[in-house]
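Novice: Provided below are the primary sequence and the corresponding predicted coordinates.
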Amino acid sequence: MRSKLAEVAYRGLNGVFAVYKPPGMAALQVKTTVQLNLLKDLNSLKQRPLKTMVKILRDTGQTDETKALTVTEVPSLADHPLAIGPRYQDIGIRWLTPLDRMASGIMVMAVEDGTRKLGMLHAAQFPSVYEIKGRLGIATDTFDDTGKVIEKATHHHVTREKIDRVVAAMMRVHQSAMTRFSGVDMQSQEAYELAVRGLLRPSLDKLPPIILRMKCLHFENPDFTIEMECVKEEGAFLRKMAHEIGLEMKSAAVATQVRRISQGPFNLEHALLKKHWKLDYISEAIQICKPLVKKKKVLPYYKMKRTLPEEVFKELKETEAKLDIMKKRTTFLESGDNAS
C-alpha cells in the first residue's frame, strides 16, 4: 500500500466504514483523529510530479542573435509542497449517529463521496443495540457512576426474576408506543409482515426514544447487564434506563458502562480499533462495508412517512404546546432573577 500513489489512495477513500470509540473520548475527537491520520498517511505517499511552466531562456552558447532565445518547460516551484504546504490539507468525514463522551462502541462514519449515503442511512432508522452495565444501591445526578451521589438504598432484596419482570414490563410499554406511532394499521397484513421482520419504525422524526427489545443478560447483585435495542436514543436516555430499573426494584441504580455493539447491519466485527485508524485499514474497511450500504440492504429498513391518526397528531401538538409554555415560563423566571 505504501508504494502506491497518493492520488490512487485518495480515490479509494469514498465510502462508509465503522470505528470503535473508546470511553472518555468525544465523538468530535474521534472524527478529528481519523481525519488527521488519513491526511498524514496521504501526504506520506508518493505525490504527483510538480506542475510545469514554460520558460524562455537565453542560449549562452550561441553567438547568432536569432538563436539566442530558447523555449523550454521546467518544474514550477510555486507548486512545490514547501511553498504551498502539503498536497492534502482537508478531507470530508461525517458520522451517522455519534456517541457521547462516556459511551463506547461502534460509530459508523463516511468519508468524501460516501457522505452522500448518510441521508439514506438516516432515513432507514437503523436500530442500535447497546449493552448497559449497572450497579444497584446508589443514585447520582448524572445517572452514572461518575456523578455526585444523591441517594443510597438497599439492594439485597433484588433477584434475577424481579429484574426480568421489570425489564419485560418496560419493553411492553415501549412496544405499545412503537405500534401507535408507526403510522400503520395494526389490523392490516402490512403491519403483520413488518412486525414479523422487525421493521416497524416511528413515522415521525420528533418522537422520544423507543425500545424495540430489552433483556437482562447477567445479574450478580449488585451488578447487572442489560441488552437493549432501540431507535432515536441518546446517551442520557440509556443511562437513565439503569436508574429507572433501580426505582422499579424499590432501590437505586447507576449505569457503569454503556456500549453500542451494533447499528443496523454494522457490528463490532466491522469496527476498527483506535490503533487501526489509518489509511490502509480504513481503505480495506470501506471495501468490506460496501455490501452493507447497498440499496437492497438498506431499503428493507426504510419506510416512507405515513399518515398518523388524527388523535395522535392532536396529542403531539398538545405536548409540544405544553413544552413551549414551560420554556416561556422558565425564560420569564430566569429574566426576573437576572433583573433582581
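Specialist: In hand now; what should we look at? Computed from a prediction, not measured in an experiment: that's the story for all the values here.
Novice: The residue lying closest to Leu42 once chain neighbours are set aside: what secondary structure?
Specialist: Leaving out its chain neighbours, the residue that sits closest to Leu42 by C-beta to C-beta, 6 or more residues apart in numbering is Tyr88, at 4.4 Å. To be clear about C-beta, it is placed using only N, CA and C from the backbone, and glycine gets the same treatment. With DSSP: H, G, I helix; E, B strand; the rest coil as the basis, the three-state label of Tyr88 is coil.
Novice: tell me the contacts of Tyr88?
Specialist: For Tyr88, the contacting residues are Ala6, Tyr10, Leu39, Leu42, Asn43, by C-beta atoms under 8 Å, 6 or more residues apart in numbering.
Novice: Need those residues in JSON lines (columns: neighbour count).
Specialist: Output for the contacts of Tyr88, formatted as JSON lines (neighbours: other C-beta atoms under 10 Å):
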{"residue": "Ala6", "neighbour count": "18"}
{"residue": "Tyr10", "neighbour count": "18"}
{"residue": "Leu39", "neighbour count": "17"}
{"residue": "Leu42", "neighbour count": "20"}
{"residue": "Asn43", "neighbour count": "15"}
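Novice: and Thr97, that one's in a helix?
Specialist: No. Looking at Thr97 with three-state DSSP, it is coil, so not inside a helix.
Novice: from memory it sits against Gln263, does it?
Specialist: Yes. Counting by C-beta atoms under 8 Å, Thr97 touches Gln263, with 6.8 Å between them.
Novice: Could you report the neighbour count for Gln287?
Specialist: Close neighbours of Gln287, defined as other C-beta atoms under 10 Å, add up to 11.
Novice: That one and Ala110, how far apart?
Specialist: 14 Å (C-beta to C-beta, to the nearest Å).
Novice: Alpha carbons of the host helix or strand of Arg260, as CSV, please.
Specialist: Here Arg260, judged by DSSP states H and E, is contained in strand 253-263. Extracted C-alpha coordinates of strand 253-263, given in CSV (Å, rounded to 0.1, in the frame of the first residue of the first chain):
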residue,chain,number,x,y,z
ALA,A,253,-29.1,2.2,40.4
VAL,A,254,-26.5,3.9,38.2
ALA,A,255,-25.0,2.9,34.8
THR,A,256,-21.4,1.9,35.0
GLN,A,257,-20.9,1.3,31.2
VAL,A,258,-22.8,2.0,28.0
ARG,A,259,-21.5,0.2,24.9
ARG,A,260,-23.1,0.1,21.4
ILE,A,261,-22.4,-3.3,19.9
SER,A,262,-24.3,-2.9,16.6
GLN,A,263,-26.1,-0.4,14.5
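Novice: Next secondary structure after it?
Specialist: Using DSSP H and E, the first helix or strand after strand 253-263 is strand 266-267.
Novice: Could you name the helices and strands sitting against that following strand?
Specialist: Using 3 or more C-beta pairs under 8 Å, 6 or more residues apart in numbering; DSSP states H and E, the elements in contact with strand 266-267 are strand 104-111.
Novice: what packs against the next helix or strand after the strand it packs on?
Specialist: Per DSSP H and E, the first helix or strand lying C-terminal to strand 104-111 is helix 118-124. Helix 118-124 sits against helix 295-298, with contacts defined as 3+ C-beta pairs under 8 Å, 6+ apart.
Novice: and the strand holding Arg260 with strand 104-111, angle?
Specialist: 40 degrees (axes from the mean of the first three to the mean of the last three C-alpha atoms, to 10 degrees).
Novice: tell me what strand 253-263 is packed against?
Specialist: When contacts are defined as 3+ C-beta pairs under 8 Å, 6+ apart, strand 253-263 packs onto strand 104-111, strand 128-136, strand 138-140, helix 235-248.
Novice: Return the set of buried residues in the longest one.
Specialist: So the one you mean is helix 235-248. Using 16 or more other C-beta atoms under 10 Å as the burial criterion, the residues of helix 235-248 that qualify are Gly235, Phe237, Leu238, Arg239, Lys240, Met241, Ala242, His243, Ile245, Gly246, Glu248.
Novice: out of the contacts of Tyr88, who's nearest Lys133?
Specialist: Leu39 (36.4 Å; C-beta to C-beta).
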